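1. When you get a sec, could you give me coordinates for this:
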Amino acid sequence: MKRDPELLQKLIDGITETGTIKNACRMHGVSNGAFFNWCKQSTTIGDEEFMVSIGDEPMLFHNAVRSAQRAVSFEILENFRYRMLHGTDEVARFQGKTVFQRFPELDGWSDDEIREVGLERYKRDPLTGDFMPELIHHEPVMQGVLALLAAEYGSLFGNKQTIEVNSRTTGVQVVKHQFAPKPRPVQEIAPAPPIATIEAPIDAEATDIVTNDLSDTEPDDLSDVLGEAPRSAEPVTPPPPTLPTGATPPPGQPTKPLSELQRDLLDRLARRPGAARASAVVMPNVGRPEADDLDPRRTGAGSAPPANAIKMV
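-> Residues are numbered from 1 along each chain as shown. Just a heads-up that it's a prediction; the model follows:
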């Protein structure tokens with residue numbers, strides 16, 4: 001597009017209205033590259049062809065761009081100040097539809113009754129004639145208010161930090177933290193003192209006497225030094241154990257049957273720890289008159305009748 005002073009003035013006005021260079025160039029069909037090229041030419045050439053005005057003050061195109069951007073920044077700041085002072089209003093919506101303001105005195109009337117009287121249920125804007133939407137008011141955000149006050153009055157509302165620099169110290173300055181753990185003292189272990197060696201005096205006369213005594217004795221005979229050899233002791237055979245009297249019944253006498261308590265004790269002794277209790281051994285012939293003849297210890301295989309035994313039939 002051909003450059004002319006009227007087009008440059010429209011670009012400056014577009015920046016002031018839209019707030020960005022990109023939107024201003026899009027409104028008037030100018031590419032971003034051509035815009036910045038014209039700013040460069042305005043800086044280097046500075047001809048009257050680049051003269052524009054903001055308000056009643058004429059200036060070059062590149063200076064006018066900077067002034068327009070500063071005006072946008074000022075407007076943003078003023079809008080922020082207004083929001084931090086009065087809060088914001090939001091249009092009320094229900095199910096995606098705008099909720100309009102109604103006349104409270106007509107809430108109990110039907111639509112036909114309102115039309116017959118010639119009234120309307122919703123309020124209209126006296127300037128535009130459009131229905132007025134319901135607005136939801138939001139109070140200013142306290143964090144934004146404090147940020148604005150800190151920017152404007154830093155000495156009163158800003159973050160206060162105090163840094164003290166001590167220039168009197170010389171050498172190495174050790175920096176310590178108040179919550180840092182205290183270093184533990186290192187204990188040095190002293191080495192053990194060397195053990196002194198004790199040299200015993202040697203008696204020369206005693207050494208000569210022992211040497212002469214050993215030279216007189218025969219090398220194989222050491223009886224005078226060690227004494228006589230001890231005699232070997234004869235082995236002592238312990239007597240055979242004697243059985244108590246009456247422990248084994250005579251061969252001709254029948255064995256006495258065990259009681260239930262004795263059999264249970266023997267079963268417990270023979271059983272391993274943790275093993276299931278075996279069933280008690282019951283001898284059906286115990287207690288009968290002919291039990292001695294039917295005892296398997298006497299009538300089983302390999303058994304022989306005792307001496308001088310007589311079998312009664």
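2. all strands for the stretch 1-150 of the chain, in order.
-> With DSSP state E, counting those that start in this stretch as the definition, the stretch 1-150 of the chain shows strands at residue ranges 51-54, 57-60, 88-91, 93-94, 97-98, 135-138.
3. and these, which is most packed in?
-> Highest mean neighbour count among the strands of the stretch 1-150 of the chain (mean count of other Cβ atoms under 10 Å): strand 51-54, with a mean of 18. Yep, even glycine has a C-beta here, placed from its N, CA and C like the rest.
4. Partner strands of that strand, with direction?
-> Strand 51-54 sits in its sheet next to strand 57-60 (antiparallel), going by DSSP bridges.
5. that older thread, mean pLDDT and distance to Asn159 for the strands of the stretch 1-150 of the chain - can I get that in a markdown table?
-> Below are these laid out as a markdown table (pLDDT from 0 to 100; distance: least, Cβ to Cβ, whole Å):
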| stretch | mean pLDDT | distance to Asn159 |
| --- | --- | --- |
| strand 51-54 | 89 | 38 |
| strand 57-60 | 90 | 40 |
| strand 88-91 | 94 | 27 |
| strand 93-94 | 94 | 40 |
| strand 97-98 | 94 | 43 |
| strand 135-138 | 95 | 27 |
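6. To Gln262, which of those lies closest?
-> strand 93-94 (99.7 Å; Cβ to Cβ).
7. ok, back up a step: want to try TSV for the strands of the stretch 1-150 of the chain, with distance to Gly29 as columns?
-> Supplementary listing: these in TSV, determined by distance: least, Cβ to Cβ, whole Å:
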stretch	distance to Gly29
strand 51-54	18
strand 57-60	23
strand 88-91	34
strand 93-94	37
strand 97-98	35
strand 135-138	38
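8. And those: which comes nearest Gly144?
-> strand 88-91 (10.8 Å).
9. send the alpha carbons of the closest one over as PDB?
-> These are the backbone C-alpha positions of strand 88-91, laid out as PDB (Å, rounded to 0.1, in the frame of the first residue of the first chain):
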ATOM      1  CA  THR A  88     -16.600  -4.600  38.900                       C
ATOM      2  CA  ASP A  89     -20.100  -5.400  37.600                       C
ATOM      3  CA  GLU A  90     -20.900  -8.700  35.800                       C
ATOM      4  CA  VAL A  91     -23.900  -9.400  33.600                       C
END
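10. quick revisit: looking at the strands of the stretch 1-150 of the chain, which is closest to Asp125?
-> Asp125 sits nearest to strand 135-138 of all those, at 12.6 Å, using Cβ to Cβ.
11. quick one: the helices in the protein?
-> Defined through DSSP state H, the helices belonging to the chain, from first to last, are 5-18, 21-28, 32-44, 61-86, 111-117, 142-152, 154-157, 204-216, 223-226, 260-270, 291-294, 296-299.
12. Now tabulate those in JSON lines and tack on mean neighbour count and distance to Arg124.
-> Below are those laid out as JSON lines (neighbours: other Cβ atoms under 10 Å; distance: least, Cβ to Cβ, whole Å):
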{"stretch": "helix 5-18", "mean neighbour count": "17", "distance to Arg124": "29"}
{"stretch": "helix 21-28", "mean neighbour count": "16", "distance to Arg124": "32"}
{"stretch": "helix 32-44", "mean neighbour count": "14", "distance to Arg124": "43"}
{"stretch": "helix 61-86", "mean neighbour count": "15", "distance to Arg124": "25"}
{"stretch": "helix 111-117", "mean neighbour count": "11", "distance to Arg124": "14"}
{"stretch": "helix 142-152", "mean neighbour count": "13", "distance to Arg124": "34"}
{"stretch": "helix 154-157", "mean neighbour count": "10", "distance to Arg124": "44"}
{"stretch": "helix 204-216", "mean neighbour count": "9", "distance to Arg124": "142"}
{"stretch": "helix 223-226", "mean neighbour count": "10", "distance to Arg124": "142"}
{"stretch": "helix 260-270", "mean neighbour count": "11", "distance to Arg124": "110"}
{"stretch": "helix 291-294", "mean neighbour count": "14", "distance to Arg124": "129"}
{"stretch": "helix 296-299", "mean neighbour count": "11", "distance to Arg124": "126"}
